[in-house]
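Participant: my questions concern the predicted model and sequence given below.
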Amino acid sequence: MNLKYLFGVCLLAVGINVSAQSSTDPVIMTIAGKPVLRSEFEYSYNKNNSAGVIDKKTVKEYVPLFVDYKLKVQAALDAHLDTITAFKDEFRKYRDQQIRPSFVTDSDMEKAVKKYYDDMKASIGPRGLYSCSHIFLRVPQNASAAGKDSVKTRIDSIYTVLKKGGDFSTLAKKYSEDPGSASRGGSLGGPYGPGNMVKEFENVAYTLKDGEISKPFLSPFGYHIIRMDKRSQVPPYDSLRVNITKFLEQRQYRSALAQENVEKIAKEEKTTADAVYDKRAAEMSAKDSNLKNLIREYHDGLLLFAISDSVVWNKANKDEAGLEKFFKAHKKQYKWDGPRFRGIAYHVKDAADVKAVADCVKSLPFSDWAEALRQKFNSGKTIRIRVEKGIFKEGDNSLVDSVVFKKQGAKVTKLKDYPIDAVYGKKLSAPKELGDVRGQVVSDYQDELEKKWVDSLHKKYAVSIDDKVVATVNNH
């Protein structure tokens with residue numbers, strides 16, 4: 001046999017397969033040396049530009065957004081964020097939720113439902129089920145003998161009326177001390193089975209026939225008279241199957257059963273549950289591109305969040321020096337649509353505390369006021385002052401509106417026990433320091449950090465885009 005010829009045929013066959021695959025799902029772009037197939041881009045584009053999306057993008061407009069997304073994910077991979085235990089646990093939790101249903105069949109659930117029915121029927125036994133009503137008179141646990149006798153006399157009187165033809169429901173509504181059932185003429189609903197009621201109640205109930213009324217008897221709660229409304233046996237399986245199935249589904253029984261099957265497979269194959277999930281995920285993803293993309297989307301989304309938090313969001317929040325520098329460089333762009341009052345509106349019991357509050361904070365940074373006031377005035381058992389701290393615009397606080405903004409008709413509601421109102425702070429026409437517009441500055445600083453980061457990623461990683469393949473998105 002000509003080995004060279006055989007080897008050439010094998011190469012040709014492989015080439016044909018690769019060519020066939022690339023023609024059905026070609027590479028749309030390459031990022032950091034890694035090919036991205038059209039199907040992945042198409043999945044992402046269609047999901048983020050569905051009918052309900054307000055700011056829909058064209059395919060051409062979406063390409064740079066997708067590239068930036070993949071660059072950030074690549075940066076996260078290079079930072080080995082996918083090896084962190086917290087990431088792996090979170091990803092597996094989600095991935096396994098998508099895979100787990102495959103480990104349980106409808107036949108498995110049918111067996112579980114039948115077993116539940118059989119177990120229930122066995123626990124109820126031949127005595128069956130019952131629905132009943134009762135008239136109840138409470139006997140307190142610490143009741144004296146005379147008190148118990150008094151209740152016994154009353155329940156006996158009611159029983160005498162019943163024996164003479166009195167209407168059970170009417171007497172229950174009038175005399176029963178079980179408010180829940182009394183309003184329904186004594187009905188306790190049901191059906192009930194063994195173990196649903198206290199022993200004393202159950203023992204009497206099971207001696208009665210339909211329509212029969214018991215003599216008064218004592219339970220740990222008080223005296224009862226029972227009317228048996230209906231005795232029955234457990235209904236046939238087919239009549240309960242749907243309800244039992246719903247009951248088990250609502251309690252996540254299918255998921256629990258699937259997990260049992262996973263652990264059984266792991267034991268049989270002498271491996272771990274994680275390995276069983278990994279294998280099944282690979283098999284299912286190979287057959288279902290939507291599942292493959294969904295799992296990858298979650299994986300990459302977790303990475304994107306982790307690295308964005310590290311490089312942009314959390315960094316901006318904690319970088320006080322950077323925020324201060326950014327604010328000073330862009331101070332002119334931060335304006336208000338009207339004046340603000342940076343300070344406190346407060347309420348005191350003692351007139352002397354009006355000045356004491358102002359003296360406490362006047363030499364401190366605004367950010368430290370709340371803690372200083374708490375320590376000086378409200379650290380003990382007695383709360384001496386009530387304070388609202390903030391940067392107020394007109395309409396935010398009625399006391400500030402009245403005192404600072406001189407708003408006509410501003411109605412200040414007096415606080416009980418704190419009759420003296422006061423304000424302390426400064427009225428500002430524009431932001432003076434970072435704290436005045438911190439939220440907006442943080443957001444803008446994050447935008448700047450992100451832009452610089454993305455620019456650096458474009459310089460670090462090679463990106464190539466096949467415009468011909470881009471033109472075929474959703475048109476193939």
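Facilitator: Received the coordinates, thanks. Remember, predicted model here, so these are calculated numbers, not experimental data.
Participant: with adjacent residues omitted, what lies nearest to I84?
Facilitator: Using CB to CB, 6 or more residues apart in numbering and skipping the chain neighbours, the partner closest in space to I84 is A306 (7.8 Å). No exception for glycine: its C-beta is placed from N, CA and C like everyone else's.
Participant: phi, psi of the residue positioned nearest the centre of the chain?
Facilitator: For the chain, the residue nearest the mean C-alpha position is Y94 (14.1 Å; CA atoms, centre = their mean). With angles defined as degrees, to the nearest 10, Y94 sits at phi -70, psi -50.
Participant: now do the same for it: its pLDDT.
Facilitator: If you check Y94, the pLDDT there is 96.
Participant: would you agree it is in contact with Y298?
Facilitator: Yes: between Y94 and Y298 there is a contact under CB atoms under 8 Å: 5.1 Å.
Participant: show me where the stretch 251-400 of the chain has strands.
Facilitator: For the stretch 251-400 of the chain, strands defined by DSSP state E, counting those that start in this stretch occupy the ranges 340-348, 385-392.
Participant: those strands: which one's closest to T207?
Facilitator: strand 385-392 (65.6 Å; CB to CB).
Participant: residues in contact with that closest one?
Facilitator: 340-349, 353, 357, 369-370, 373, 377-378, 396-397, 400, 404, 415, 418, 436 (CB atoms under 8 Å, 6 or more residues apart in numbering).
Participant: equivalent analysis for stretch 419-430, please.
Facilitator: 334-336, 339-351, 353-354, 357-358, 361-362, 399-400, 403-404, 412, 414, 436.
Participant: filter the residues you listed down to the buried ones.
Facilitator: Among those, the ones that count as buried by 16 or more other CB atoms under 10 Å are 340-349, 353-354, 357-358, 361, 399-400, 403-404, 436.
Participant: tell me which helix or strand K173 sits in.
Facilitator: For K173, the enclosing helix or strand under DSSP states H and E is helix 168-175.
Participant: who does the helix or strand that comes right after that helix touch, helix- and strand-wise?
Facilitator: Next helix or strand after helix 168-175 toward the C-terminus (DSSP H and E): helix 179-182. Helix 179-182 makes packing contacts with strand 129-138, helix 168-175 when contacts are defined by 3 or more CB pairs under 8 Å, 6 or more residues apart in numbering; DSSP states H and E.
Participant: and the first one, how far from the chain's centre?
Facilitator: In this view, strand 129-138 has its centroid 41 Å away from the chain centroid, taken as CA atoms, centre = their mean, to the nearest Å.
Participant: does anything pack onto it? Which helices or strands?
Facilitator: Applying 3+ CB pairs under 8 Å, 6+ apart, one finds that strand 129-138 makes contact with helix 145-163, helix 168-175, helix 179-182, helix 199-205, strand 222-232.
Participant: these: which one's closest to I213?
Facilitator: strand 222-232 (4.9 Å).
Participant: what is the helix or strand following the closest one packed up against?
Facilitator: For strand 222-232, the following helix or strand on the C-terminal side (DSSP H and E) is helix 237-250. Here helix 237-250 touches helix 106-124, going by 3+ CB pairs under 8 Å, 6+ apart.
Participant: any idea what the residue nearest to R231 when sequence neighbours are not counted is bridged to?
Facilitator: Nearest non-adjacent residue to R231, counting by CB to CB, 6+ apart: Y130, 5.2 Å away. With DSSP bridges as the criterion, Y130 is bridged to Y192, R231.
Participant: follow-up on the earlier one: dump the strands of the stretch 251-400 of the chain into JSON lines; add distance to V113 and mean pLDDT as well.
Facilitator: JSON lines is the format used below for the strands of the stretch 251-400 of the chain (distance: least, CB to CB, whole Å; pLDDT from 0 to 100):
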{"stretch": "strand 340-348", "distance to V113": "63", "mean pLDDT": "97"}
{"stretch": "strand 385-392", "distance to V113": "58", "mean pLDDT": "96"}
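Participant: for those strands, which one sits closest to D278?
Facilitator: Proximity to D278, assessed across these by CB to CB, is greatest for strand 385-392 (52.2 Å).
Participant: buried ones in that closest one, by neighbour count?
Facilitator: Within strand 385-392, the residues scored as buried using 16+ other CB under 10 Å are I385, R386, V387, K389, G390, I391, F392.
Participant: of all the residues you listed, which comes closest to V53?
Facilitator: Nearest member of these to V53, counting by CB to CB, is I391, at 35.2 Å.
Participant: domains of the chain?
Facilitator: Domains of the chain are assigned by automatic domain parsing as 129-232, 337-429.
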